[in-house]
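Novice: Please work out how this folds:
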Amino acid sequence: MSITTVNHSYNMTIYDEVVRVVALGPTSIGLPPLSSLAEGKSFTIIDVGNSAGTNNITIGSSDRSLINGHTLTLTINLNGGALTFTKLNGGWSADDSDAQLQLEIADSQANVSDLQIDTSANAADISTLQSDVSPLITDVAQLQLDVDSLQFNASRFSVTLPFTLPAPAVSAVTKDFIAFKAPANGELLSVEIIPNSAWASGNNVGDKYLASAYRYNNTPAVVNFSHDLMTGLAAGASARLPSGTSNQLLTVGQTLSLTATGTSVKFNSSVTWVTLPAVGDYVTLTGAATAYVGATPANPGVYIVTALTAVSLTATKLFGAAPENVASGAAGSGEVAALRLVRAQEASFAAGDVIGMRIVVPIDTTTPVDVSSLAFSAIFNYSLT
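Specialist: Coordinates of the predicted model:
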């Protein structure tokens, strides 16, 4: 194969099968006369200088024969372009597939360049959008906190109802006090008894009042375990009573001792608890548990569990007189019924349920106490959905 390299316009001979062009400016290449060529003879012109995009290479026949039957010249105007010319059926046939490929490559490169420009612009837009969105995210997070706070506040409310109890008499007296009608499905979180400043401070066994929350449109049904309100409850202090079902802690014959330190007391059992408490549960002790009420007696009340094992639990008394030590004593049926575990859970209500307080004033054979008026407060949590 004969290869010729030129950097200027050039008329090919029949031997220049490949012409390599290093164009320094616009260049013309002349093909040999067709009459001197055999059928099928081919010639290729290549822009090896890679400059045809600027310095076009124009190819034509020196005898003005038509190329592809319709034109006198073809031009390489793409860097690195090439054209092949073949004598076919007495005329020039030009194959510009390489040139077309180069054109497609050039178009693709241009598209890639445009895409890079668009991508850069989009990246800038995204960065700006992120800057705009970041404070919005902060605002939305704050809004959610505000909404959560509103929902929390809106879902909880308390109602307080003052009432007056009779003094202890020769027979037990039961008083019912309706507090409110549940506006929606929800739970009773707690009930609270608040004595006024005239509340007496004695600790006689008979100076107690059993308090329970009730659902009055249902037979009525008690919704939390009854709690003793001893007169040891200080004037103006509140007694918050846990809601939830009660569970048995003791069995008949089980021995129990109480070791008190301030408002805390440790219950020490001879055997494992019938129902194992959990930290945060409540233990309620009423005056009926005569073996464990203490000498004053000061132990009846509501306790919250702070630590436990299978045979002991430590709890803090929530209101009333500080607890007292009690030596080990066996539980009878009264103690089993009067020392109970109240789970830290909420009693459920349905919309329209009537919720109130029942106070039982028992017989008091000792000096009557001044109970004057109390206030009953119920804290209710209802669903917003």
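Novice: and Thr27, how many residues sit next to it?
Specialist: Other residues near Thr27 come to 24 when the count uses other C-beta atoms under 10 Å. Just so you know, the C-beta spots here come from the backbone N, C-alpha and C atoms, and that holds for glycine as well.
Novice: Who does it form a beta bridge with?
Specialist: Note on Thr27: beta-bridge partners Ile57, judged by DSSP bridges.
Novice: Please report the distance of it from Thr84.
Specialist: Distance from Thr27 to Thr84, counting by C-beta to C-beta, to the nearest Å: 18 Å.
Novice: And for Leu341?
Specialist: Noted for Leu341: a distance of 100 Å to Thr84, by C-beta to C-beta.
Novice: With neighbour numbers in mind, choose between the two.
Specialist: Neighbour count, other C-beta under 10 Å: between Leu341 and Thr84, Leu341 has more, with 24 against 17.
Novice: doesn't Gln248 make contact with the more buried one?
Specialist: Yes: using C-beta atoms under 8 Å, Leu341 is in contact with Gln248, at 7.5 Å.
Novice: Let's see the distance spanning stretch 7-15 from one end to the other.
Specialist: Stretch 7-15 has its terminal residues 18 Å apart, counting by C-alpha to C-alpha, to the nearest Å.
Novice: and Ala124, helix, strand or coil?
Specialist: Three-state call for Ala124 (DSSP: H, G, I helix; E, B strand; the rest coil): helix.
Novice: try the one 3 residues further on
Specialist: Per three-state DSSP, the local secondary structure of Ser127 is helix.
Novice: Quickly note the distance from it to Ile14.
Specialist: 64 Å.
Novice: more crowded one of the two?
Specialist: Counted by other C-beta under 10 Å, Ser127 and Ile14 do not tie: Ile14 has more neighbours, with 13 against 10.
Novice: Show the low-confidence segments of the chain, by residue range.
Specialist: Residue ranges of the chain with pLDDT under 70: 96-110, 112, 145-173, 177-179, 188-212, 218-245, 320, 343-347, 360-385.
Novice: Can you give me the domain boundaries for it?
Specialist: Per the record, the chain has its domains at 3-95, 158-382, by automatic domain parsing.
Novice: who touches both of Leu341 and Gln248?
Specialist: Applying C-beta atoms under 8 Å, 6 or more residues apart in numbering, one finds that Leu341 and Gln248 are jointly contacted by Thr275.
Novice: Check which residues of stretch 327-338 are buried.
Specialist: Neighbour-count burial for stretch 327-338 flags Ala331, Gly334, Glu335, Val336, Ala338 (criterion: 16 or more other C-beta atoms under 10 Å).
Novice: could I get these as CSV with distance to Ser2?
Specialist: What follows is the buried residues of stretch 327-338, written out as CSV (distance: C-beta to C-beta, whole Å):
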residue, distance to Ser2
Ala331, 121
Gly334, 126
Glu335, 122
Val336, 120
Ala338, 121
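Novice: Check the residues you listed and tell me the two furthest apart.
Specialist: Spanning the widest gap among the buried residues of stretch 327-338 are Ala331 and Ala338, at 9.4 Å by C-beta to C-beta.
Novice: what ranges do the helices span in the stretch 251-385 of the chain?
Specialist: Secondary structure of the stretch 251-385 of the chain (DSSP state H, counting those that start in this stretch): helices at 333-338.
Novice: Next, work out how far apart Gly69 and Ala82 are.
Specialist: Distance, Gly69 to Ala82, using C-beta to C-beta: 21 Å.
Novice: oh, I was asking about Leu129
Specialist: Counting by C-beta to C-beta, the separation of Leu129 from Ala82 is 47 Å.
Novice: Neighbour count: those two, which is higher?
Specialist: Between Leu129 and Ala82, counted using other C-beta under 10 Å, the more crowded position is Ala82 (23 against 11).
Novice: Need the phi and psi values for the more buried one.
Specialist: For Ala82, the backbone dihedrals (degrees, to the nearest 10) come out as phi -150, psi 150.
Novice: you'd agree it is up against Phe43?
Specialist: No: with contacts counted by C-beta under 8 Å, Ala82 stays clear of Phe43, the gap being 11.2 Å.
Novice: and the gap between the residue lying closest to Gly49 once chain neighbours are set aside and Leu37?
Specialist: For Gly49, ignoring the flanking residues on the chain, the nearest one in space by C-beta to C-beta, 6 or more residues apart in numbering is Val22 at 3.7 Å. Using C-beta to C-beta, Val22 is found at 26 Å from Leu37.
Novice: One more: Thr174?
Specialist: 129 Å.
Novice: swap in Val326?
Specialist: Distance from Val326 to Leu37, by C-beta to C-beta: 128 Å.
Novice: Please give the element, helix or strand, for Phe180.
Specialist: strand 173-181 (DSSP states H and E).
Novice: Can you show me the helices along the stretch 1-150 of the chain?
Specialist: Going by DSSP H, counting those that start in this stretch, the stretch 1-150 of the chain shows helices at 97-155.
Novice: on that earlier part again, between Thr174 and Leu37, which one's more packed in?
Specialist: Per other C-beta under 10 Å, whichever of Thr174 and Leu37 has more neighbours is Leu37, with 17 against 10.
Novice: ok, and the closest non-adjacent residue to that one?
Specialist: Spatially, and ignoring its direct neighbours in sequence, Leu37 is nearest to Lys87 (4.8 Å; C-beta to C-beta, 6+ apart).
Novice: which ones are touching that neighbour?
Specialist: Going by C-beta under 8 Å, 6+ apart, Lys87 touches Leu34, Leu37, Ala38, Glu39, Gly40, Lys41, Ser42, Ser93.
Novice: if I look at the last one, how far off is Ala307?
Specialist: In this view, Ser93 and Ala307 are 102 Å apart by C-beta to C-beta.
Novice: neighbour-wise, which of these two wins?
Specialist: Under the criterion of other C-beta under 10 Å, the comparison of Ser93 against Ala307 puts Ser93 first, with 14 against 11.
Novice: For the closest residue to that one other than its chain neighbours, list the residues it contacts.
Specialist: Among residues not flanking Ser93 along the chain, Thr86 sits closest, at 5.0 Å (C-beta to C-beta, 6+ apart). Counting by C-beta under 8 Å, 6+ apart, Thr86 makes contact with Gly40, Lys41, Ser42, Phe43, Trp92, Ser93, Ala94, Asp95.
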